[in-house]
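Asks: Just need the structure, nothing else, for what follows:
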Amino acid sequence: MKKIFICALILLCAGMSYAETFNIDKVIRIGLENSYDITNQTYTLKKSKQSLYSSFLDLLPGANYSISNTETANTSTKSGSISISETIYSDDYRYFNITNSLSSLRKSKIDLEITRKNLIYNIISSYLNVLLKEKLYEVSKMALNIAKMNYDETKTLRTYGKVSELDMQQSEIDLSRAQIDSLKSDYDYENSKMDLCFLLSIDFDESYTFAELDYTFTADPTFDLDIDKNLTVNSYKESIKQSKLNYVKNWLEFIPTLSFSVNKKLDWEKGGLFDFDAKSSPVQYTLALSYPLLNPLKNLPANRTSHYSYKQTKLLYEHKKKEEQQDFVQAVKNFNQLQQSYELAKKQENLSEMHFNLVNEKFRLGQADLTELEKARQERFQSMSSRISQYYLLIMAQENIHLITNDKLLNRY
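Replies: Coordinates of the predicted model:
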């Protein structure tokens, strides 16, 4: 019975101690698999492919097969034929359909890649936020432990009459402040994990843990923007092509339409189902020119609308192009500023730690009061939190540049 109890206890402890650990690659894979936007954009891409296939199938000539049997009281008449025909127009809709479908397919591929990279970027951002909140929570726990030590030490000194009642009350206030900060940090940490799980479309579990990201910054990085590689700009470029194509198609309505058609009819020989006389009728060639007289009047509003749409798309393209260039300049400036801030934050953390240790030693010798000690403690942990925050912000700043320049995120996505 004792052995069974021990085994059950071991199994229970093993189940309670198990916690799934995620790394950045696993998180990105889950996010891509569960993403509604990716799935939706994938269906859009598939529809674009089918539309292109349909446009190419329109190039096939028209073919019609007919066979009939007419019965009357005294006679029975059978007839049948196969006719093959093809007509080509100067403003042939099939050319416009194929060209537009090709552009739509390219745009769908670009939009899918935009959706994929934006999702990966957002996952990285959310993942780093979890790591940041976890580190800040650990800092708050360190600050709380020191506040408890200071409180206990002050309480001991109070029993010997070496500190005043005011110092004792101040230590209690400092401890309460540290407890509040720790509770808030814990709340922020749990919320960040919930936000990441929501982004990944998975159920939240408090036991989830997230591995640290192994990230290396390039020494003296240089960033260049090739605007032709920018995905957003390329997507708008395809929109211009489609808008221009629609305008040209509409403009052709103002000129006469030239058409050339070929027709061949094969009469049935009344034998088998597919016995037709190839010489029963000659090939017919037709060249025609047509022009509906009222077309210019009827088509004028639609033509102007398509022209305005084309101009509007071009304007939007140029605006988006300048916007991406401006975003790149600002992203590089932000990275350079954060790089400098991170180096200063590391120095500030070292100095504040030395200052805290010095003030703490003076407090024990009675050469510094509790207010000075608390101020030094806050400066120490604020500088530590600042250095941690600057580090993760610097990572995101560099990844933001990679997103704009269409370079690989994390050097692999």
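
Asks: mind checking how far the residue most central in space within the chain is from Y247?
Replies: Closest to where the C-alpha atoms of the chain average out (Cα atoms, centre = their mean) is N118, at 2.0 Å. Distance, N118 to Y247, by Cβ to Cβ, to the nearest Å: 31 Å. Where you see a C-beta, it was placed from the backbone N, CA and C, and this is true even at glycine.

Asks: ok so, going back, tell me who's in contact with the residue nearest to the centre of the chain.
Replies: Residues near N118 by Cβ atoms under 8 Å, 6 or more residues apart in numbering: L403.

Asks: could you say which helix or strand contains it?
Replies: helix 93-159 (DSSP states H and E).

Asks: on contacts alone, who are the packing partners of the next helix or strand after that helix?
Replies: On the C-terminal side of helix 93-159, the nearest following helix or strand under DSSP H and E is helix 165-200. Helix 165-200 is packed against helix 24-34, helix 93-159, helix 370-405, with contacts defined by 3 or more Cβ pairs under 8 Å, 6 or more residues apart in numbering; DSSP states H and E.

Asks: Helix 165-200 - what's its average pLDDT?
Replies: Per-residue pLDDT over helix 165-200 has a mean of 91.

Asks: How about stretch 126-145?
Replies: pLDDT averaged over stretch 126-145 gives 93.

Asks: ok, back up a step: make TSV out of the helices and strands packed on helix 165-200 and add distance to S352.
Replies: Output for the helices and strands packed on helix 165-200, formatted as TSV (distance: least, Cβ to Cβ, whole Å):
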stretch	distance to S352
helix 24-34	31
helix 93-159	12
helix 370-405	4
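
Asks: out of the ones you listed, which comes closest to F217?
Replies: When the helices and strands packed on helix 165-200 are compared by Cβ to Cβ, helix 370-405 sits nearest F217, at 7.0 Å.

Asks: That closest one to helix 165-200, inter-axis angle?
Replies: 20 degrees (axes from the mean of the first three to the mean of the last three Cα atoms, to 10 degrees).

Asks: Determine the set of other helices and strands touching helix 370-405.
Replies: Packed next to helix 370-405, using 3+ Cβ pairs under 8 Å, 6+ apart, are helix 93-159, helix 165-200, helix 295-364.

Asks: distance between it and the chain's centre?
Replies: A distance of 26 Å separates the centroid of the chain from that of helix 370-405, by Cα atoms, centre = their mean, to the nearest Å.

Asks: Now that helix: buried residues?
Replies: 370, 373-374, 376-381, 383-405 (16 or more other Cβ atoms under 10 Å).

Asks: what's the answer for stretch 324-338, then?
Replies: Going by 16+ other Cβ under 10 Å, stretch 324-338 has these buried residues: E324, D327, F328, A331, V332, N334, F335, L338.

Asks: go on, stretch 33-47?
Replies: Across stretch 33-47, burial judged by 16+ other Cβ under 10 Å covers S35, I38, Q41, L45.
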